[in-house]
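Enquirer: Take this sequence and fold it.
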Amino acid sequence: MELFKVFSLFDVNIVRGRGAHVWDDKGQEYLDFYGGHAVISIGHCHPHYTQRVTQQLNELCFYSNSVINRLQEQLAERLGKISGYDDYQLFLINSGAEANENALKLASFHNGRSRVLAASHSFHGRTSLAVEVTDNKKIVAPINDNHHVTFLPMNDLEAWRRELAKGDVCACILECIQGIGGCVMATPEFAQGLAEACKQYGTVLICDEIQCGYGRSGKFFAHQWLGIRPDLITVAKGIANGYPMGGLLISPAFKPVIGMLGTTFGGNHLGCAAALAVLDVFEDEHLIDNANTVGTYLIEQLRNLQATQPHIKEVRGRGLMVGVVMDIPHKDVRQRLIHEQHVFTGCAGTNILRILPPLIITKADVDDFIFRLSKVLKTM
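Expert: The predicted structure follows:
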């Protein structure tokens, strides 16, 4: 049997990681400024994470959600306190797509509607409802295209208000910093106006914090820079530092009904131990502050490079979620970064480098990255 080849792969076999670095099977070291799609929040193989997950592995990996799981309760309490949402409820699943899927379903249960507004160039996942609200027709199969989603430009408040005023919108779903959309940011004026309009028309506001959340922006959630408090918040990626996990933070206005939502593997013991270890490191090492401080430095250094490097046209983003817009294809730049300078980065569109390093990186790591990137761009 062969693998079903749906991924475009770099010819590199990564076998080991530590902090912000990984190594291939030939012993070559790489600087990881992508963190596996923003998943590696506290660095590869953090000692505390490894110890806590190993301890849990030796005790109990899994039992079903038909019994009490105190680790789930501990995670809900810790996450509520560190995020500022201690009055919300937590539903645990396995991935970001599932988080958005359940958020949309819960919104529809709440107000009985089925129409959704989403932002142009958005990405919310590949499962049934999540892919419908993703603005990429290439990945929406005919069975998923049910024509109840309207895509509107980010930050065009009047366009969103016009649709909301029709009174039939179930939910608005928004990445406050778009990921695959290229690190485009919502403005405070837009976000606050949208939140007010959703409240006025009985529409549920969902903030997709799967990539931009969990400390990456320099606050726990990216929407906290914008002065809003959404009804539902979806999380995944950095929540468990590589263990498959997702979550849905739910406003007190939503009342649970037994059987309304469900999952087999979500919130299992091993996943909760991993997620609790991540929060331990966040607090002990002040990683959210670090993301803000080092992220600001990263953006400054990229803009300094832009001043001398004509291939860079724009630098955008916040914290450690940064897009570098270029006048050349990102494919060529990424290939050379990996094979010549041994650096991993991500991408968006056709010409945007997406920078999503672990939240543990230092200014010295930034200087190293800028040096390697400049060497590639100078020869293109």
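Enquirer: Which residues are in contact with the residue nearest to residue 140 when sequence neighbours are not counted?
Expert: Ranked by CB to CB, 6 or more residues apart in numbering and with sequence neighbours excluded, the top spatial neighbour of residue 140 is residue 131, at 5.5 Å. Quick note: C-beta positions are derived from backbone N, CA and C, even for glycine. Residue 131 sits next to 97, 124, 125, 139, 140, 141, 144 when contact means CB atoms under 8 Å, 6 or more residues apart in numbering.
Enquirer: do you know how far residue 128 is from residue 101?
Expert: Residue 128 sits 7 Å away from residue 101, going by CB to CB, to the nearest Å.
Enquirer: Look at these two and report which has more neighbours.
Expert: Between residue 128 and residue 101, residue 101 has the larger neighbour count (other CB atoms under 10 Å), namely 25 against 15.
Enquirer: host element of that one?
Expert: Of the helices and strands defined by DSSP states H and E, residue 101 is found in helix 96-111.
Enquirer: Dump that helix to PDB, keeping only the CA atoms.
Expert: The C-alpha trace of helix 96-111 is given here as PDB (Å, rounded to 0.1, in the frame of the first residue of the first chain):
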ATOM      1  CA  GLY A  96      -9.400  23.000  14.500                       C
ATOM      2  CA  ALA A  97     -11.800  21.900  11.800                       C
ATOM      3  CA  GLU A  98     -13.800  20.100  14.400                       C
ATOM      4  CA  ALA A  99     -13.800  23.200  16.600                       C
ATOM      5  CA  ASN A 100     -15.300  25.300  13.800                       C
ATOM      6  CA  GLU A 101     -17.700  22.500  12.800                       C
ATOM      7  CA  ASN A 102     -19.100  22.400  16.400                       C
ATOM      8  CA  ALA A 103     -19.100  26.200  16.800                       C
ATOM      9  CA  LEU A 104     -21.300  26.500  13.600                       C
ATOM     10  CA  LYS A 105     -23.500  23.700  14.700                       C
ATOM     11  CA  LEU A 106     -24.000  25.200  18.200                       C
ATOM     12  CA  ALA A 107     -24.800  28.600  16.700                       C
ATOM     13  CA  SER A 108     -27.500  27.000  14.600                       C
ATOM     14  CA  PHE A 109     -28.900  25.200  17.500                       C
ATOM     15  CA  HIS A 110     -28.900  28.500  19.400                       C
ATOM     16  CA  ASN A 111     -30.900  30.700  17.000                       C
END
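Enquirer: circling back to that earlier point, present the contacts of residue 131 as a markdown table; the columns should include secondary structure, neighbour count and distance to residue 16.
Expert: Formatted as a markdown table, the contacts of residue 131 follow (DSSP: H, G, I helix; E, B strand; the rest coil; neighbours: other CB atoms under 10 Å; distance: CB to CB, whole Å):
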| residue | secondary structure | neighbour count | distance to residue 16 |
| --- | --- | --- | --- |
| 97 | helix | 22 | 29 |
| 124 | coil | 30 | 33 |
| 125 | coil | 24 | 30 |
| 139 | helix | 11 | 32 |
| 140 | coil | 17 | 37 |
| 141 | coil | 9 | 37 |
| 144 | helix | 16 | 38 |
